[in-house]
Each structure stands twice: as C-alpha cells, then as structure tokens.
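need a structure here:
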Amino acid sequence: QVQLVESGGGLVQAGGSLRLSCAASGRLFASYAMGWFRQAPGKEREFVAACNWSGGRTYYADSVSGRFTISRDNDRNTVDLQMNSLKPEDTAIYYCAADKDWSLRYFSEDEYDYWGQGTQVTVSS
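Here you go, the predicted model:
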C-alpha cells in the first residue's frame, strides 16, 4: 500500500512558476512508476507527465512539453512537477499517482494503482 500526498499548489499569475511535490509512504516507492494528472472544472482528468522507476524515462502531454518537468528522488520518496510559463488553461486540480507495473500506457489513469488527494493550481490571466 502506498499513500501519496501532494503539496505546492496555489495561485500564480500567467507566466509564473510553481513546483508541486508528492510525498509517498511505503518501502516500494523506488519500484513504482509515477505520474501526474490534472482535472479542470467540467473536464475529465488528463495525463500531464510520467516517469519510470528511476526517473530516467520521462513523458509529457503535448500541452505541457517544454514547460513542465517531472523528477523524482527515491531516497526521499518524492516526485516533483516543476511548472514554468504557466497559462490560465493550466488551472486544475493536480494529482500524483503510482503505478506498480510500468507500461507504455503511462498516459492512462487506468494504469495507476494509487492516487493522492490532489492540490489546486490556479493561474490568473
């Protein structure tokens, strides 16, 4: 069992930056692939970024590629999402998720086994 707790959300102006962090409990964190998803009001939850167990492989949604960076620290059991050049359309609740079995379907929320409670990111224009 893994418990995930996100932090770092808040209100920022367009063009600004935020860094989200996800702290994980459990001894097996280093073996899990990790992902970030987001859900805007009235929309379905969507993939943002993912990385494999080591962080050596990273994947991004087209909408955030070049602006967001996912990274992890297996010694600290954390995975971060650095968000730069934020846009109003990035406004959403951001969730981190853990996947026990890495696959090429990292973009599908169905692949993930554990979820955090989410943290709100609001980007003002």
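
mind listing what the most centrally placed residue in the chain touches?
Centrality entry for the chain: nearest residue to the mean C-alpha point is residue 36, 2.2 Å, by C-alpha atoms, centre = their mean. For residue 36, the contact set (C-beta atoms under 8 Å, 6 or more residues apart in numbering) comprises 20, 22, 48-50, 70, 79, 81, 94-97. Where you see a C-beta, it was placed from the backbone N, CA and C, and this is true even at glycine.

mind doing that once more with 7 Å?
With contact taken as C-beta atoms under 7 Å, 6 or more residues apart in numbering, residue 36 is in contact with 48-49, 70, 81, 94, 96.

ignoring the adjacent residues along the chain, who's closest to residue 106?
residue 50 (4.0 Å; C-beta to C-beta, 6 or more residues apart in numbering).

SS state for the one you found?
strand (DSSP: H, G, I helix; E, B strand; the rest coil).

thought residue 87 was touching residue 123?
Yes: Residue 87 is in contact with residue 123 according to C-beta atoms under 7 Å; the separation is 6.1 Å.

between these two, tell me which one has more neighbours.
Taking other C-beta atoms under 10 Å, residue 87 and residue 123 do not tie; residue 123 has more neighbours (20 against 14).

which non-adjacent residue is nearest the more buried one?
Per C-beta to C-beta, 6+ apart, closest to residue 123 is residue 86, 4.6 Å.

please apply the same query to residue 103.
Of all residues not flanking residue 103 in the chain, residue 111 sits nearest, at 6.0 Å (C-beta to C-beta, 6+ apart).

tell me the gap between stretch 29-44 and the middle of its chain.
5 Å (C-alpha atoms, centre = their mean, to the nearest Å).

how about stretch 47-64?
Using C-alpha atoms, centre = their mean, the offset of stretch 47-64 from its chain centre is 9 Å.

pLDDT on that stretch, on average?
For stretch 47-64, the mean per-residue pLDDT is 96.

any buried residues in that stretch, and which?
Across stretch 47-64, burial judged by 16 or more other C-beta atoms under 10 Å covers 47-53, 59-61, 64.

what's the farthest-apart pair in these?
The span of the buried residues of stretch 47-64, defined through C-beta to C-beta, is set by 53 and 64 at 21.6 Å.
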